[in-house]
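sequence first, predicted coordinates after that:
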Amino acid sequence: MNDNVTTTAPDASALTPSELAQLIDHTLLKPESSPADAAALAREAEQLGTYSICVSPSMLPIDTTVHVATVCGFPSGQHAPEVKAAEAKLAVDNGADEVDMVINVGRAAAGDADFTEAEIRAVRDAIPGAVLKVIIESAALSDEQIVASCRAAKNAGADFVKTSTGFHPAGGASAHAVRLMRDTVGEDLGVKASGGIRTLAAAREMIAAGANRLGLSGSAAILEEAAGGQQAGGAGLGGETESITEESQANGY
């Protein structure tokens with residue numbers, strides 16, 4: 001685990017829009033995305049002040065002033081651990097600061113926590129200097145399986161556990177899963193919520209449940225709503241706001 005990683009969840013009621021932005025991985029993982037789309041995402045992230053961008057590894061290297069996150073074993077997780085490790089290392093060699101790996105959800109659902117820990121450790125060992133987030137696909141797991149997967153991530157030296165790819169038909173992030181993940185890892189690891197978070201209310205709910213990173217594709221609309229609520233209420237994100245409805249994102253984020 002990296003010592004410079006913030007693992008604690010902030011107070012959702014006190015966040016300013018700029019502080020909220022610093023919790024966001026501004027995300028583009030649609031399979032039809034082009035390098036031009038990724039470059040536009042990077043420019044938008046810089047304007048919004050988000051913590052990072054999250055793009056497919058084929059988009060690397062990418063020119064940006066924000067942190068760069070990517071994915072490995074994405075989205076199915078059904079890759080051999082050696083393949084995930086090699087993909088993660090190549091991504092870091094190409095400039096990624098953070099890697100969001102997908103576990104083998106089938107093995108996790110079957111109760112094979114030893115396999116889950118071993119595959120996470122394989123990726124961890126391949127990228128010792130990078131931030132490693134572990135996508136457990138929480139909507140597809142029982143509470144017991146979520147706990148076991150989070151413990152495996154902690155034991156293997158990961159920096160974050162993450163709810164979802166945004167592509168699984170079982171769904172994306174839920175406050176219940178985030179809370180359970182936070183209760184399991186405590187303050188030793190970060191918790192990233194992603195998948196289906198498209199309003200300020202949903203973002204606030206995930207942070208209140210224990211998330212300290214958000215994977216969003218609709219970052220601009222959420223931050224615009226946060227800024228409007230602050231101007232109207234004179235407070236942080238705890239002020240009353242109206243949710244805005246976005247078109248459903250093709251990548252599930």
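Cool, got the structure. Please read these numbers as outputs of a predicted model, since none were measured by experiment.

quick one, helices of the stretch 101-250 of the chain?
With helices called from DSSP state H, counting those that start in this stretch, the stretch 101-250 of the chain shows them at 105-109, 113-126, 143-155, 175-185, 200-209, 219-233.

which parts of the second one are buried?
Which is helix 113-126. Within helix 113-126, the residues scored as buried using 16 or more other Cβ atoms under 10 Å are 113, 115-117, 119-124, 126. For every residue, glycine as well, the C-beta is placed using N, CA and C.

before we move on, back to that, which of the helices of the stretch 101-250 of the chain sits closest to Ala88?
Closest approach to Ala88 among those is made by helix 113-126 (4.9 Å; Cβ to Cβ).

now do that closest one: distance to the chain's middle.
Computed by Cα atoms, centre = their mean, to the nearest Å, the chain-centroid distance of helix 113-126 equals 19 Å.

helices or strands up against it?
When contacts are defined as 3 or more Cβ pairs under 8 Å, 6 or more residues apart in numbering; DSSP states H and E, helix 113-126 sits against helix 81-93, strand 98-102, helix 105-109, strand 131-135, helix 143-155.

tabulate the ones you listed (CSV), appending mean neighbour count, mean pLDDT and distance to Ala42.
Formatted as CSV, the helices and strands packed on helix 113-126 follow (neighbours: other Cβ atoms under 10 Å; pLDDT from 0 to 100; distance: least, Cβ to Cβ, whole Å):
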stretch, mean neighbour count, mean pLDDT, distance to Ala42
helix 81-93, 19, 98, 16
strand 98-102, 27, 98, 15
helix 105-109, 19, 98, 30
strand 131-135, 27, 98, 18
helix 143-155, 20, 98, 28
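
what's the closest of the helices of the stretch 101-250 of the chain to Ile62?
Closest approach to Ile62 among the helices of the stretch 101-250 of the chain is made by helix 219-233 (16.8 Å; Cβ to Cβ).

contacts for stretch 78-97?
52, 57, 60-62, 67-70, 72-73, 99, 101, 104, 106, 118-119, 122-123, 125-127, 129-132 (Cβ atoms under 8 Å, 6 or more residues apart in numbering).

Ala203 and His67, how far apart?
Applying Cβ to Cβ, to the nearest Å, the value for Ala203 to His67 is 19 Å.

just want to know which of the two has more residues nearby.
Using other Cβ atoms under 10 Å as the criterion, Ala203 and His67 rank with Ala203 on top: 27 against 16.

so what's that one up against?
20, 197, 214, 216, 222.

give me phi/psi at the second one?
Looking back up the chat, that one is Ile197. Backbone dihedrals for Ile197, given as degrees, to the nearest 10, come out at phi -90, psi 100.

that one against Gly171, yeah?
No: the pair Ile197 and Gly171 fails to qualify as a contact (Cβ atoms under 8 Å) at a distance of 11.7 Å.

okay, the two: which has more neighbours?
Ile197 (28 against 17).

what residue ranges in the stretch 101-250 of the chain score low on pLDDT?
By pLDDT under 70, the weakly predicted segments of the stretch 101-250 of the chain are 229-250.

now Asn212: closest residue in space that isn't a chain neighbour?
Ala9 (4.5 Å; Cβ to Cβ, 6 or more residues apart in numbering).
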